[in-house]
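J.: quick one, what's the 3D model for this:
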Amino acid sequence: IVGNVTTSADGQGTLTFSTTAANTTLVSGNVGVAGTGALLVLNAGAATGITGSFAGNVNADTFNISNTAADGEIAVAGDITAATGTIFTADGILVLNGTGAQTITGSITQSTGADDRGDISVTNTAGTVTVANALGATAANGGLGNLTTAANTTTVFNSTVDAENGSLSGTSTFKGAVTLDGTVALGNGSKIILDTGVVQGTTVITAAGAITDGAAVAIELADNRILADGQSITVVDAGSGTTDGTYTVLDTALFDYSVAISDANDTVIVSAAKRNTAAIAASIGVSTVEAAALDSASTALASGDDVALSALNTALVAGGATAKAATQQIAVQTDTLGAGAAASAGTGAAASGTTATRLAMLRTGDQYANATNSMASGFNTGDSSHALSTAVWMKPFGSDGDQDDVGTIAGFETSTLGIAGGIDTAVSKE
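T.: Numbering: from 1, shown residues only. Sure, this is the predicted structure:
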């Protein structure tokens, strides 16, 4: 089908593609419209070694993948929105191969009556793939097949994952538990990010089978609330295999994290140690006063403002100038106080100087420049015959200041610009 597939009302119409026997773009546009014009049911399948593709978004209450072969692929380049869910009614592979961000809304399950059915393969290297709901189910015969994320992909799993085997080679963010009936493989250069939803004292990835790992595996905690001082979390717990890779965990401004690898237990465990004020200050490059303010703010936000805390956590994990700027916005800044005083003084001095200069011009006597003096001294407009008893005047003024950094006190620049004006005339002789 070339173009979009639409329906006159939400939840109407069934579109079925028989098992595709040749590599085919099934729909070149979008299928349905999310929320207002989704199809009722979309069925698609592919024969062995064949790929049937949807080039746009897929919007259907139920999206059935009914491949006739385990290696038949249904590839989707856009978002998938399926309120009832995406369901493998037979074995096969769902490939997420977009060229930009993709969001998969609705659970992905299988109804084949056997375990280990329905593979998920993320090959999109151009944008983040967000899986909003659960993959598979813990019930008997509810687990999916293989979960694979290719190198250089970025995938966010917002809920739980139940599958047979997991092969993670890109960056994978987990907000729920991952249960694998088989093996887990962590590719060289892969990264595991733990986010809100996983908690201390639990296991993120549990694999009944063996673990294999690449030479380098990175771990990151995206939220400071996951672990408090002295707490730990098991990132991987496998049934066998070897943990031969080098695991590194990213520290944040508030915490030092350590990783413990056990070949005997086939586990990878991360623990947290809270930094003191001096260490926080040194890591960010701020004063101890600013570091103390950051620590207090983080503690306060943890019990009240999730949005603000999330923004702060993002800045602290980013580190560098971003973390420093966030910290300096929290504490009352010495440089801000100095800059305010300097700007205020500059404004006052400029305004006062302008007024004083004008008043000097109005004083009488030959020694003063003025608008009525018969000598008209200081004016280019001529002699007394051109002097004015009433004058209108305007004068711009400005000042600039530049203070370099002093120790941990940040420098600043200040500029004052303005214009003064008035009318000079006698009010009374007294």
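
J.: residue closest to the middle of the chain?
T.: Ranked by distance to the mean C-alpha position of the chain (CA atoms, centre = their mean), the top residue is Thr314 at 6.6 Å.

J.: relative to Thr252, how far out is that residue?
T.: For Thr314, the distance to Thr252 equals 11 Å [CB to CB, to the nearest Å]. (Glycine included, C-beta is placed from N, CA and C.)

J.: now do the helices in the stretch 151-300 of the chain.
T.: 277-284, 288-301 (DSSP state H, counting those that start in this stretch).

J.: let me see the mean pLDDT of the longest one.
T.: Regarding helix 288-301, the rounded mean pLDDT is 84.

J.: mind listing what's buried in it?
T.: Glu290, Ala291, Ala292, Ala293, Leu294, Asp295, Ala297, Ser298, Leu301 (16 or more other CB atoms under 10 Å).

J.: the third one and Ala278 touch, don't they?
T.: Read that as Ala292. No. Here Ala292 does not reach Ala278: they are 9.9 Å apart, not a contact under CB atoms under 8 Å.

J.: picking up where we left off before, closest to Ala391 among the buried residues of helix 288-301?
T.: Glu290 (52.6 Å; CB to CB).

J.: I'd say the closest one and Ala326 touch.
T.: No. Applying CB under 8 Å, one finds Glu290 not in contact with Ala326, separated by 10.4 Å.

J.: show me the shaky parts of the stretch 151-300 of the chain.
T.: Scanning the stretch 151-300 of the chain with the threshold set as pLDDT under 70 gives no residue ranges.

J.: run the last query once more with 90
T.: 196, 222-225, 244, 252-253, 281, 283-300 (pLDDT under 90).

J.: ranges for the strands of it?
T.: 154-157, 161-163, 165-168, 171-174, 178-180, 184-186, 190-194, 203-213, 216-221, 232-241, 246-249, 255-262, 267-274 (DSSP state E, counting those that start in this stretch).

J.: what's next to the second one, contact-wise?
T.: The list of residues contacting strand 161-163 from outside it, by CB atoms under 8 Å, 6 or more residues apart in numbering, reads 120, 134-138, 142-147, 174, 176-181.

J.: got the CA positions of stretch 283-299 in CSV?
T.: What follows is stretch 283-299, C-alpha atoms only, in CSV (Å, rounded to 0.1, in the frame of the first residue of the first chain):
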residue,chain,number,x,y,z
SER,A,283,34.4,17.5,41.9
ILE,A,284,32.4,20.3,40.6
GLY,A,285,34.8,23.2,41.0
VAL,A,286,32.7,25.3,43.4
SER,A,287,33.1,26.6,47.0
THR,A,288,32.2,24.5,50.0
VAL,A,289,29.4,26.9,50.7
GLU,A,290,27.9,26.2,47.3
ALA,A,291,28.5,22.4,47.7
ALA,A,292,26.7,22.4,51.0
ALA,A,293,23.8,24.2,49.4
LEU,A,294,23.7,21.6,46.6
ASP,A,295,23.6,18.8,49.1
SER,A,296,20.8,20.4,51.1
ALA,A,297,18.8,21.2,48.0
SER,A,298,19.1,17.6,46.7
THR,A,299,17.8,16.2,50.0
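
J.: including distance to Gly98, could the buried residues of helix 288-301 go into JSON lines?
T.: Converted to JSON lines, the buried residues of helix 288-301 look like this (distance: CB to CB, whole Å):
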{"residue": "Glu290", "distance to Gly98": "42"}
{"residue": "Ala291", "distance to Gly98": "42"}
{"residue": "Ala292", "distance to Gly98": "46"}
{"residue": "Ala293", "distance to Gly98": "43"}
{"residue": "Leu294", "distance to Gly98": "38"}
{"residue": "Asp295", "distance to Gly98": "41"}
{"residue": "Ala297", "distance to Gly98": "38"}
{"residue": "Ser298", "distance to Gly98": "36"}
{"residue": "Leu301", "distance to Gly98": "35"}
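
J.: got the buried residues for stretch 145-157?
T.: In stretch 145-157, counting by 16+ other CB under 10 Å, buried: Gly145, Asn146, Leu147, Thr148, Thr149, Ala150, Thr153, Thr154, Thr155, Val156, Phe157.

J.: and that stretch, how far from the chain's centre?
T.: In terms of CA atoms, centre = their mean, to the nearest Å, the centre of stretch 145-157 is set 19 Å apart from its chain centre.

J.: contacts for that stretch?
T.: Contacts for stretch 145-157 (CB under 8 Å, 6+ apart): 70, 91, 116-125, 127-131, 135, 161, 163-176, 178, 180, 187, 189-190, 195.

J.: then that stretch to PDB, C-alphas only?
T.: Coordinates of each C-alpha in stretch 145-157 appear next as PDB, following Å, rounded to 0.1, in the frame of the first residue of the first chain:
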ATOM      1  CA  GLY A 145      12.100 -15.000  22.700                       C
ATOM      2  CA  ASN A 146      15.300 -13.100  22.300                       C
ATOM      3  CA  LEU A 147      15.800  -9.400  23.100                       C
ATOM      4  CA  THR A 148      18.600  -7.900  21.000                       C
ATOM      5  CA  THR A 149      19.900  -4.300  21.000                       C
ATOM      6  CA  ALA A 150      22.500  -3.600  18.300                       C
ATOM      7  CA  ALA A 151      25.700  -1.600  18.900                       C
ATOM      8  CA  ASN A 152      25.300   2.200  18.900                       C
ATOM      9  CA  THR A 153      21.500   1.900  19.600                       C
ATOM     10  CA  THR A 154      19.900   3.700  22.500                       C
ATOM     11  CA  THR A 155      16.900   1.900  24.100                       C
ATOM     12  CA  VAL A 156      14.800   2.900  27.100                       C
ATOM     13  CA  PHE A 157      12.700   0.200  28.800                       C
END
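
J.: now Gly78, nearest residue through space, not along the chain?
T.: Asn57 (3.7 Å; CB to CB, 6 or more residues apart in numbering).

J.: out of the helices of the stretch 151-300 of the chain, which comes closest to Ala83?
T.: helix 288-301 (34.6 Å).

J.: quick one: contacts of that closest one?
T.: Under CB under 8 Å, 6+ apart, the answer for helix 288-301 is 224, 253-254, 277-278, 280-281, 284, 286, 308-309, 312, 326-328, 330-333, 408.

J.: one more time with 10 Å, if that's ok
T.: 224-225, 253-254, 274-284, 286-287, 305, 307-313, 316, 323-324, 326-334, 408-410 (CB atoms under 10 Å, 6 or more residues apart in numbering).

J.: in contact with the residue nearest to Leu186 when sequence neighbours are not counted, which residues?
T.: In space, Leu186 comes closest to Asp213 once its chain neighbours are excluded; the distance is 4.4 Å by CB to CB, 6+ apart. Asp213 makes contact with 168, 184-188, 190, 236, 238, 241-247, 261, 268, according to CB under 10 Å, 6+ apart.

J.: cool, thanks, signing off.
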